[in-house]
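need coordinates for the below:
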Amino acid sequence: MGLYAEPALLERFLELHEARVGKKADMGKSCLRFSEPDAIPYALMGEVATWFDLDRWIDLYRSRRTPGGRKTAKEENP
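I've put the predicted structure just below:
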């Protein structure tokens, strides 16, 4: 769920989800909840999966970590 790490992608996803499903996404920190199996936007989920390749995700992860592996102050207190 790299969407939370890149606000522009999160906003893009939320807009597309609402446009295709007709309601706001029910999201947690790293999950999407669907109460109706028939309402799952499978095509959108497939599209979102293409937004991050492995190298991009690793670069994003590394850019958010300190050398010792601890969270930065910004991560702990956004």
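
tell me the centre residue of this protein?
Centroid check for the chain by CA atoms, centre = their mean gives Leu3 as the closest residue, at 2.3 Å.

once you drop chain neighbours, what's closest to it?
Leu10 (4.3 Å; CB to CB, 6 or more residues apart in numbering). Any C-beta I mention is one placed from the backbone N, CA and C, and that applies to glycine too.

and if you look at Leu60?
In space, Leu60 is closest to Ala5, 5.3 Å off (CB to CB, 6+ apart).

same question, Val48
Phe13 is the one closest to Val48 (CB to CB, 6+ apart), at 5.9 Å.

one more: Asp26?
Arg33 (4.3 Å).

the one you found contacts Lys24, correct?
No - under the criterion of CB atoms under 8 Å, Arg33 makes no contact with Lys24, lying 11.5 Å away.
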